[in-house]
Structures are given as structure tokens and as C-alpha cells.
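>>> Curious how this folds, go ahead:
(2 chains)
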Amino acid sequence: MADLTTKFASLTLKNPVTTASGTFGYGLEYADFYDLKKLGGVIVKGIKSAPSDGNKMPRVCEVAGGMINAIGLQGPGVDAFLHGEHYLPALKKLGATVIVNMWGTSVGEYADVAARFDAENDGIAALEVNISCPNVKAGGAAFGTDVKRASEVIRAVRCAVRKLPVIIKLSPNVTDITEFARAAEAEGADAISLINTLSAMAIDIEKKRPRIANVTGGLSGACIKPVAVRMVYQCHKAVKLPILGMGGISCGADAVEFLLAGATAVSVGTANFVDPYAPLKVIDFINDYLDRHHHKSVSEIIGALEL
Amino acid sequence: MAQAQIRENSILHGDYHKIVFAAPEMAAKARAGQFVHVRIDERLDHVLRRPFSIHDTDPQSGTLTVVYKVVGSGTKNLAAKKAGEFCDLLGPLGSTFTACADDVIPVAVAGGYGSAATFLLTRECKQKVVLLIGARTKKELVLDDAYRACGCDVRVATDDGSCGTQGRVTALIAPLVAENPGKKFFFYGCGPLPMLLALAKTLREMKLDGELSMDEIMCCGVGACFGCVVKVNDLSSPQGWHYERSCVEGPVFPLEKIYLEQ
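Just a heads-up that it's a prediction; the model follows:
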């Protein structure tokens, strides 16, 4: 039995396995399946200042090895999340380690939402700042694909937050993701998470129409994993910040690839839709892998890729 | 979640199939209107589960039955499964139809194989269910015989007149009400979206009440992804609606919540 405790920025996680934002609702949706305390962390679906409707239907379609979504960040807004009975108060009761994913449509809104969570941080372990959603017109990737604008957002959030660790979630839809990782480091972020979904599209050839109403969406699932592993590897070489690695992790072996590439912790995403128990299976596999390779702790394999 | 063994997987007729799973816990819990989320196989080109209305259950033998239509490669793979093989099932999921009071006549209004989702009402309602079923042609009528076998009054409408009345299923409502003066009714709808919206409009115009099953393309099935939302009436919102998840708040929604422009 290896030590799975994971130091991630200023956090100490029970294990390196979290659930990716947008694929695990607000946590309660999976509380009937297992004890959320077993997870390293629950990263909730993106929250902004006010409630948001999200995009038109259809919002999802299946493709080979994955899916495309354009949900468009439907969410309850910061007040309902902090105080609504089905959100943070319930997660607190369950003892989950909660990482709040947040976004805004302007630099000011990012800063305001971040400040609000920082001020009312009881039950919140960290903030994951989404500058990379490909499916909203304003906000999201509009900031995350322009390094100057990304720097502005990160700086504003950094100034607004005093207590909570700040994780910046990066977009893969850029020429060189390491530029954004460096910007996050330069602006004082505590960690980075990557990757968000890859911009993608699918067409119904009989109807001659896009398969999702938003026309384009974000590709996720097993098919994006090699891209994600490559980007984690590049960022690990480029910056000293801890990395929360994700993108197509379907099983424990996938997660170990991310850890070897340099991720300190990982998120399980689309796999939750297929198998609600996927994150627990990933935790078990990592434990067995460490034993099999005679490692005493998970920290020994972070970035342990041999070239 | 359970690995459920397939007891039977057979063709009803045409593209319509019936599959019987050994799933005792789900069979004991399932109520009319709910669904199971089925992982058909573990192929990389079919990563997501598929939701199917629960057609029938037999708590004594511990079986749960789904009626499905082969429409794409996922359901084609399901049709190829043999008795003895296993499928991973999640369920029963979603909201339920409400069995009506004993003095109310329950009326299922089904489009195509929507009749599968309302069948458990024949076991849950004290009064005999009336089935109003519509399809394009006689060949696309599904489960009308199963309802007749339960003693239900079955009335049929087809677009081409090949069976029953020619026209829409909603046209069968007014005569039913006229034949039963002074009686109370409660309607349960399941079928394609245009039919459900027409049904909602008709029921409102006639000041009748009911519940409709509004399922959408689904992903997680448990409310996490927000991929399957439908618009529901919301007078407190400036636009008059908000989205709810068809997998958790639905698939069954009360008539008063149905927003007519989806």
C-alpha cells in the first residue's frame, strides 16, 4: 500500500485523482454511487457571477473514441452555489475536497467572482479559473487563446485572491501551450490544469447540418489523450508550477501516463459518463502500479519519464 | 449499476426489438416513466451509454424489459446481443409518471414506440388504461397488442389510415372525452417531440391535465453533464423559461411545465 497523499500547490490531497469540471455536475449527482471523500478532489462545474442558461440543444454528440459537447457553461451562479442546498453546503456535509471552477465574461467579472469565493471560502479548497471553454461567446477561450488577455485575467484573479490557491485551466487550442503556462507562472498562479477540450465539429450528412446546435464544440474522451499527455509533458518542462493533468483519462493506466509526463494530480472527465466509478478504479490502479514498481509514494513517479 | 444478464433479445416486428434483462433490484424499484442507461459494449466508437424507457418489470422473476428500435449502430449492436450475454445497466433513473386517483381514467398517448414508456401504468393504475396510439403506418404500431392483452381500450390513429383513424393521435382525445361525460381524465404522453408539443397544446386547450415524457439526447444520465436539457415554463424568468435536465428533473414533466417552443 503506497502513500497516495499528493501535495498540490499548498493543498494536501488524499490522492492525486479528481473529477474534471463539467463532467461531475456539482458532486451530489454522484454521491449515491460512492463516498465523495474517497476522491482527491471534486472539481465542480463552472460558476460565474449570475445564473447562466448555456447553449441551445442539441449540446452533445458521440464521435469515434469520444464526444463533442457545447453545453455553454449552464450554471446556478455564485450565490446559489455558495448557499443553495444542492451545492456547496451539501458538499461540505459530505466532507468532499471541493475545487471550484469559475469563469467570467470580462476581466472584472473574473476578479469579482474570484474575490467572492475567496471571501466566502469555507468548504472550498481551491479555485480553478476557466480561461479555456471553447463554447461560450464571451469569456472562456476568448481569454485563454490570447496570451496578453490570459495574463490580464490571471493577474486580476491573483490580485483578488489572498487565501485560496489559484489553478489556471489552459486551452489546448493554441499553437504553443507553454506560452500560456509561462504566463500563468509569471502572473503568480499557484498551479495550472490542462487540457480543456479540443475545438471540434461533427456533421449529420443526411440532414446536412452540424450535429450540435453551437456548430462547433469541445472534443473529449479517450481520443484526445495523446494530445493531452504531450501538452502536460511540454508544460512540465517549461514551468515549475504543479500540473493538474487531464484529457481522455479512461482508466488507471492513462492516469499513470499523465503522472509520468509530469502531472502532480489528474482529473477524470468524460469517463464519468460511461462509468460513474471510473475515478475510484483509477485510484486503485495507481496504488497497485506503485506497489508493482516498488514505489513508496505517488510523488516518486511524477515526471519520472525516462528518455 | 449492475451487470445484467440478457434473458431474451428478440424482434417484435420490423426494426422493433424486445430485450429482457435479469436485474432484480432495478425491477423491484422501477416505476412507470423511468429509464435504464445501458452500456451496450466497450467499443471505442460507442463510448456513451444509451437511455431506454423501462417497458415492463417482473419483480417476481427479477426481470426488466426494454423495447427499442434499431436506429443507429449502437442499437444495431444491442440487437446482435444474445441471451446469456451481459450489459452494464444504470438505473432505474429519472422521474416517474404519477399513478392517478381511482376515480380518474388514465389515458396513455403514445407516438410510435412511446407506448413502451407508459406500459407500466397498466400495472400501477387501478382503473384500466386507455391507450391512444399514433404512428405513420400500421407497421410502426408497437405494443398495442400488449395493452389489449391487459384489457385496455386501445384506439389507433395512423398518418396513412392503414390502421384505425386516419390522422394524428391527438385527434382521438376529443371523442374519448365526449363519450365519457362527467368523467375525469389524466393523460400520460410519450413520443417524438413534435407529437408531444401538439399533445401539450391540445390538452391545454381542452383544459385537461397530464404528464409528458420529454427525453433528449443523453450523456451521463444522472444530471452531471447538462447535455439533455429541455425548456420548462418559468414565469419568473424574463424569457419565460429555463432549462431542466431530462435525466433528473425529467424525463416525465407535468403538463404545466411544458414550454411549447423547444
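
>>> tell me the mean pLDDT for the helix or strand containing residue A:155?
Per DSSP states H and E: residue A:155 is located in helix A:147-160. Mean pLDDT, computed over helix A:147-160, is 96.

>>> now what about the helix ranked longest in chain B, what contacts it?
Ranked by residue count, the top helix of chain B under DSSP state H comes out as helix B:193-205. Applying C-beta atoms under 8 Å, 6 or more residues apart in numbering or on different chains, the contact partners of helix B:193-205 are B:109, B:111, B:114, B:134, B:168-170, B:173, B:187, B:189-191, B:209-210, B:212-214, B:255, B:258, B:260, B:262. Glycine gets a C-beta too; all of them are placed from N, C-alpha and C.

>>> if you set the cut-off to 10 Å instead, what comes out?
Applying C-beta atoms under 10 Å, 6 or more residues apart in numbering or on different chains, the contact partners of helix B:193-205 are B:107, B:109-112, B:114, B:132, B:134, B:168-171, B:173-174, B:185, B:187, B:189-192, B:208-210, B:212-216, B:230, B:253, B:255-262.

>>> on that earlier part again, just the buried residues of the helix holding residue A:155, please?
By 16 or more other C-beta atoms under 10 Å in any protein chain shown, the buried positions in helix A:147-160 come out as A:150, A:151, A:152, A:153, A:154, A:155, A:156, A:157, A:158, A:160.

>>> Point out the ones among the contacts of helix B:193-205 that are inside helices.
Within those, residues falling in helices by DSSP H are B:173, B:174.

>>> buried subset of the contacts of helix B:193-205?
B:107, B:109-112, B:114, B:132, B:134, B:168-170, B:173, B:185, B:187, B:189-191, B:208-210, B:212-216, B:230, B:253, B:255, B:257-259.

>>> what about residue A:4, neighbour count?
For residue A:4, the neighbour count with other C-beta atoms under 10 Å in any protein chain shown is 18.

>>> hmm, I was thinking of residue A:51
16.

>>> What residues does it make contact with?
Residue A:51 touches A:74, A:75, A:76, A:77, A:78, A:79, A:80, A:81, B:237, B:242, counting by C-beta under 10 Å, 6+ apart.

>>> ok, of these, which come out buried?
Using 16+ other C-beta under 10 Å as the threshold, A:74, A:75, A:76, A:78, A:80, A:81, B:242 are the buried ones among these.

>>> Restricted to strands, list the residues you listed.
residue B:242 (DSSP state E).

>>> Which pair in the buried ones among the contacts of residue A:51 has the greatest spatial separation?
A:78 and B:242 (17.5 Å; C-beta to C-beta).

>>> Name the spans of the chain whose pLDDT lies under the cut-off.
Went with chain A since none was named. Applying pLDDT under 70 to chain A picks out residues A:137.

>>> oops, I was thinking of chain B
B:44-45.

>>> and chain B, which of the buried residues of helix A:147-160 contact it?
By C-beta under 10 Å from any C-beta of the partner chain, no member of these lies near chain B.

>>> Can you show me the strands along the stretch 151-262 of chain B?
Along the stretch 151-262 of chain B, counting by DSSP state E, counting those that start in this stretch, strands occupy B:153-158, B:165-166, B:184-190, B:210-213, B:229-233, B:241-245, B:252-254.

>>> Likewise for the stretch 101-250 of chain A?
Going by DSSP E, counting those that start in this stretch, the stretch 101-250 of chain A shows strands at A:126-130, A:166-169, A:191-194, A:198-201, A:203-204, A:209-210, A:216-220, A:243-245.

>>> Note down every partner strand of the third one and its orientation.
Here strand A:191-194 is paired, per DSSP bridges, with strand A:166-169 (parallel), strand A:243-245 (parallel).

>>> tell me the contacts of the closest residue to chain A within the stretch 51-200 of chain B?
Going by C-beta to the nearest C-beta, chain A is nearest to residue B:90 of the stretch 51-200 of chain B, at 7.3 Å. Counting by C-beta under 10 Å, 6+ apart, residue B:90 touches A:33, A:274-276, B:1-2, B:26, B:35-39, B:49, B:51, B:220-222.

>>> how near is the residue nearest to residue A:115 when sequence neighbours are not counted to residue A:112?
Of all residues not flanking residue A:115 in the chain, residue A:160 sits nearest, at 4.0 Å (C-beta to C-beta, 6 or more residues apart in numbering or on different chains). Separation of residue A:160 from residue A:112 (C-beta to C-beta, to the nearest Å) stands at 7 Å.

>>> same deal with residue A:2?
As judged by C-beta to C-beta, residue A:2 and residue A:112 stand 42 Å apart.

>>> Those two: who's more crowded?
Between residue A:2 and residue A:112, counted using other C-beta under 10 Å, residue A:2 has the larger neighbour count: 20 against 17.

>>> Does the more buried one touch residue A:296 like I think?
Yes - using C-beta atoms under 10 Å, residue A:2 makes contact with residue A:296 at a distance of 5.9 Å.

>>> anything in contact with each of these two?
If you check residue A:2 and residue A:296 against C-beta under 10 Å, 6+ apart, the residues they both contact are residue A:290.

>>> what's around residue B:207, how many residues?
Neighbour tally, residue B:207, other C-beta under 10 Å: 6.

>>> roughly how far apart are it and chain A?
For residue B:207, the distance to chain A (C-beta to the nearest C-beta, to the nearest Å) stands at 30 Å.

>>> Assign a three-state SS to residue B:90, would you?
strand (DSSP: H, G, I helix; E, B strand; the rest coil).

>>> hang on, the earlier thing: with the buried ones among the contacts of residue A:51 in mind, which one is nearest to residue A:130?
Taking C-beta to C-beta as the measure, residue A:130 sits nearest to residue A:75 out of those, at 10.9 Å.

>>> which one is residue A:12 nearest to, not counting chain neighbours?
That would be residue A:5: by C-beta to C-beta, 6+ apart, it lies 6.3 Å from residue A:12.

>>> Pull the number of nearby residues for the one you found.
If you count neighbours by other C-beta under 10 Å, residue A:5 ends up with 14.

>>> Provide a list of residues in contact with the residue in the stretch 51-200 of chain A that chain B sits nearest to.
Using C-beta to the nearest C-beta, the closest approach of the stretch 51-200 of chain A to chain B is made by residue A:60 at 3.8 Å. Counting by C-beta under 10 Å, 6+ apart, residue A:60 touches A:67-71, A:211-212, A:217, A:273, B:48, B:216-220, B:225-228.

>>> Okay, and which of these map to helices?
Reading helices off the contacts of residue A:60 with DSSP H, I get residue A:273.

>>> Make a ChimeraX selection of whichever of the contacts of residue A:60 turn out to be buried.
Filtering the contacts of residue A:60 down to the buried ones (16+ other C-beta under 10 Å) takes a single ChimeraX command:
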select /A:67,68,69,70,71,211,212,217,273 /B:48,216,217,218,219,220,225,226,227,228
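
>>> Which element, helix or strand, includes residue A:55?
Assigned by DSSP H and E, residue A:55 falls within no helix or strand.

>>> And for it, the neighbour number?
A count of nearby residues for residue A:55, using other C-beta under 10 Å, gives 23.

>>> Close to chain B: what parts of the stretch 201-307 of chain A are there?
A:211-212, A:220-223, A:250, A:270-277.

>>> Okay, helices next: where are they in the stretch 1-150 of chain B?
B:24-29, B:73-79, B:115-118, B:121-124, B:144-149 (DSSP state H, counting those that start in this stretch).
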